[in-house]
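Asks: Show me how the following folds:
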Amino acid sequence: MALNRDQLIRWLPFLGWPRPSRALLTGEAMAGITVALMVIPQGVAYAALAGMPLVTGIYASLLPALIGVLFSASTRLSVGPTALSSLLVAASLGPLAIPGSAEWVALAVWLCFMSGAIQLLLGVGGFGWVLRLVNSPVLMGFTQAASVLIILSQLPALFGFTGRSIGQLWHGPPPDFLAIAFGLGSMAALWIAKERWPRFPAAMVVVGACAAISAAIGYALRGGAVVGTLPSGLPAFYWPGTQPLGTFGALLLPALMITLVSFLETASSAKVDNARAGKLWNENQDLIGQGLAKIASGFSGAFPTSSSFSRSAINLYAGAQTGWATVFCVLLIGAALLWAMPLLYHVPQAVLASIVVIAMLGLVRPGQFVSLWRISRVEAVTALVTFVLTIATSPSIYWGVLAGLLMSLSHYMYRHLHPRIIEVGLHPDGSLRDRHLWNLPPLAPQLHAMRMDAELDFATASTLERAITVTLAMRPDLTDICLFAQPINRIDVTGAEVFGAIRRLLESKGVRLHLSGLKLPAQQVLERAGLLTAGPMLFIYRTDADALAALGAMHGMTAADVEAALSPAPARADA
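Replies: Model (predicted):
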């Protein structure tokens, strides 16, 4: 019976939520209300960023949030519209439709279905590890570039040029100075609140205050850009209709990109959430929850959702313990859709732009490139190329990530194809270290002791063979070669074949081969290939200490050297 319950919880995580008590629900209600007061204005702002009807930003915060928390392992994440996902929607659909049109909405919904289905399949199949291919430098470069693009896209509305692109700012009527006042004033208030009172629902307070001021001065009647009429009521079922195959082909790469960015946004929040809860992160279950949330968003007529790091952080700060906080958040958003939509009519669009800009300013951190340069120049260049190409290829911003991903994978393959192979010597502390780096004498005149810090596979085997061949050519007096093999975790078929060739080469030269510390998985591969058969030219040692003792006896190492080698050392082999 317990097994059946565990299986049910595996597929229906909400069955594992704690039974609600009055004390628990009181705290969860406060956290849920706090997040709801933040997500409503953000949802409207992010819908504008995505080119969608403004009310769909609230739709994306309703059913998707509920479905996401019910089927995710990380129950304290705030699922809904995010700036990066909204930007990707706008960038992806720009060449295909007119923002806000029925066709645009239909394509955005298909993006929901496609990216949601991809995440769902990855989660069910246990393939969450695939999305780890994007490393931190690529993500950093893309996030910062996307943040810059989002800020730039909001400048016309923020400075009273609503409806004009940046290139059209100097043409047409003069700027709306009231919009500038609303935008900059809202930014200042949001920034101060963010720095001093991070848990305070400043966005809703600012939106409410600006709406009241806008209504009092008749800003809409003066021609000011306001939110306008939003339909009241819960979202109805939406079906986008069929599309030509060519359209699906054009949406495939953007859907993959939205899947990737959404997963990385979820990972950044989920790792914090699970670490505080003392649990391991179940990435595949979160993929399932996020995928179902996107599909639910599509059926609501909205756009792709994700986990918001900022709102999830607010949820944690507000004291949320379980998914019940999200349930209260959804109830408040539903009530707002039923009764509060007229209150948003007079909200200036400059205020929405200020909400987006404040959210993005925290992600623009040029100092991260400097810090990365100090750590790894190759990865710093990868991040910088990702940043530059993301901006340069806008609106097709996914090319920046693809270029960064290609660079990082190429660097990984280059390092794998060029393994570190060193000659080791005995360090005074008793460890085996790079002989040339530390200016150490060889272990013995006719002995070449070496170590390869990599797997012995198709990518590295030829490099090891070449290193041994060059050593034999340069030192014809060698009688022994010792391979300290502890770093070799795996040997594939190619590696086994090359090992056989190396053994035959050494035997033809009359050179004995010594293997030290060979791990069991690697040893089993060589044994199955028949390459570890006993012979007068092959010696195998379980530990490096055994190898050094035997080699010392063969080559007349001094007793002091052997004793130093056998003594325990705090810094065991590696430099």
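Asks: Correct me if wrong: W104 contacts A50.
Replies: No. Contact criterion CB atoms under 8 Å: W104 and A50 do not qualify, at 9.2 Å. For glycine as for every other residue, the C-beta is placed from the backbone atoms N, C-alpha and C.
Asks: ok, these two, which is more surrounded?
Replies: Higher neighbour count among W104 and A50: A50, with 30 against 22, using other CB atoms under 10 Å.
Asks: in terms of contact, does that one touch S92 like I think?
Replies: No. A50 lies out of contact with S92 (CB under 8 Å); the separation is 9.8 Å.
Asks: Can I get stretch 90-100 as CSV, trimmed to CA atoms?
Replies: In CSV, the C-alpha atoms belonging to stretch 90-100 read as follows (Å, rounded to 0.1, in the frame of the first residue of the first chain):
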residue,chain,number,x,y,z
ALA,A,90,8.2,38.8,-29.2
ALA,A,91,11.6,38.0,-30.9
SER,A,92,10.3,34.7,-32.3
LEU,A,93,7.0,36.0,-33.7
GLY,A,94,8.2,39.3,-35.0
PRO,A,95,8.9,38.1,-38.5
LEU,A,96,5.7,36.0,-38.7
ALA,A,97,2.8,38.2,-37.5
ILE,A,98,1.6,41.6,-36.3
PRO,A,99,1.9,42.0,-32.5
GLY,A,100,-1.5,41.8,-30.7
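Asks: quick one: low-confidence ranges for the protein?
Replies: 1-7, 162-173, 556-575 (pLDDT under 70).
Asks: could you say what helices and strands the top helix by length along it packs with?
Replies: Longest helix of the chain, by residue count under DSSP state H: helix 245-277. Packing partners of helix 245-277 (3 or more CB pairs under 8 Å, 6 or more residues apart in numbering; DSSP states H and E): helix 83-93, helix 102-125, helix 283-299, strand 306-308, helix 309-317, helix 398-417.
Asks: Pick the most buried one from those.
Replies: Using mean count of other CB atoms under 10 Å, the stretch among these with the largest mean neighbour count is strand 306-308, at a mean of 30.
Asks: so what strands line up beside it?
Replies: Its sheet considered, strand 306-308 pairs with strand 78-80 (antiparallel) by DSSP bridges.
Asks: Need the residues that contact the partner strand.
Replies: Contacts to strand 78-80, defined as CB atoms under 8 Å, 6 or more residues apart in numbering, come from residues 35, 39, 42-43, 60-61, 64-65, 68-69, 72, 269, 289-290, 293, 305-308, 311-312, 314-315, 326, 329.
Asks: now the helices: where do they sit in the stretch 401-550 of the chain?
Replies: 461-474, 493-509, 520-528, 544-555 (DSSP state H, counting those that start in this stretch).
Asks: would you turn the ones you listed into TSV with distance to G425 and mean neighbour count?
Replies: Below are the helices of the stretch 401-550 of the chain laid out as TSV (distance: least, CB to CB, whole Å; neighbours: other CB atoms under 10 Å):
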stretch	distance to G425	mean neighbour count
helix 461-474	15	15
helix 493-509	21	17
helix 520-528	24	15
helix 544-555	11	18
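Asks: need those helices in CSV with distance to W110, can you?
Replies: Converted to CSV, those look like this (distance: least, CB to CB, whole Å):
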stretch, distance to W110
helix 461-474, 47
helix 493-509, 44
helix 520-528, 46
helix 544-555, 60
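Asks: so which of these gets nearest A534?
Replies: Among the helices of the stretch 401-550 of the chain, the nearest to A534 by CB to CB is helix 520-528 (11.4 Å).
Asks: Using PDB, write out the CA atom coordinates for the closest one.
Replies: Extracted in PDB, the C-alpha atoms of helix 520-528 (Å, rounded to 0.1, in the frame of the first residue of the first chain):
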ATOM      1  CA  LEU A 520      38.000  -1.900 -11.600                       C
ATOM      2  CA  PRO A 521      35.800  -0.700 -14.500                       C
ATOM      3  CA  ALA A 522      38.800   0.000 -16.600                       C
ATOM      4  CA  GLN A 523      40.500  -3.200 -15.500                       C
ATOM      5  CA  GLN A 524      37.500  -5.300 -16.500                       C
ATOM      6  CA  VAL A 525      37.400  -3.800 -20.000                       C
ATOM      7  CA  LEU A 526      41.100  -4.700 -20.500                       C
ATOM      8  CA  GLU A 527      40.600  -8.200 -19.000                       C
ATOM      9  CA  ARG A 528      37.700  -8.900 -21.300                       C
END
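Asks: okay, the angle between that helix and helix 493-509?
Replies: Inter-element angle recorded for helix 520-528 and helix 493-509: 60 degrees (by axes from the mean of the first three to the mean of the last three CA atoms, to 10 degrees).
Asks: ok, residues contacting helix 520-528?
Replies: Under the contact criterion CB under 8 Å, 6+ apart, helix 520-528 has outside partners L456, A485, I488, N489, R490, I491, D492, G495, A496, F499, L518, L532.
Asks: How about stretch 257-276?
Replies: Here stretch 257-276 has contacts from 73-74, 76-78, 82, 84-85, 88-89, 92, 111, 115, 118-119, 122, 128, 131, 134, 139, 142, 280-281, 283, 286-287, 290, 294, 304-309, 312-313, 316, 398, 401, using CB under 8 Å, 6+ apart.
Asks: try 6 Å
Replies: Outside stretch 257-276, the residues within contact range by CB atoms under 6 Å, 6 or more residues apart in numbering are 74, 76-77, 84, 88, 115, 118-119, 131, 139, 281, 286, 290, 304, 306-307, 309, 312, 398.
Asks: how about that stretch: buried residues?
Replies: In terms of neighbour count (16 or more other CB atoms under 10 Å), stretch 257-276 has its buried residues at 257-267, 269-270, 272-274.
Asks: So what's the gap between that stretch and the chain middle?
Replies: In terms of CA atoms, centre = their mean, to the nearest Å, the centre of stretch 257-276 is found 7 Å from the chain centre.
Asks: now stretch 246-260
Replies: 18 Å.
Asks: Identify each buried residue in that stretch, please.
Replies: For stretch 246-260, burial by neighbour count (16+ other CB under 10 Å) applies to T247, A250, L251, P254, A255, M257, I258, T259, L260.
Asks: Any chance of JSON lines for the residues you listed, columns distance to A320?
Replies: Putting the buried residues of stretch 246-260 into JSON lines (distance: CB to CB, whole Å) gives the following:
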{"residue": "T247", "distance to A320": "40"}
{"residue": "A250", "distance to A320": "40"}
{"residue": "L251", "distance to A320": "35"}
{"residue": "P254", "distance to A320": "32"}
{"residue": "A255", "distance to A320": "31"}
{"residue": "M257", "distance to A320": "30"}
{"residue": "I258", "distance to A320": "26"}
{"residue": "T259", "distance to A320": "26"}
{"residue": "L260", "distance to A320": "27"}
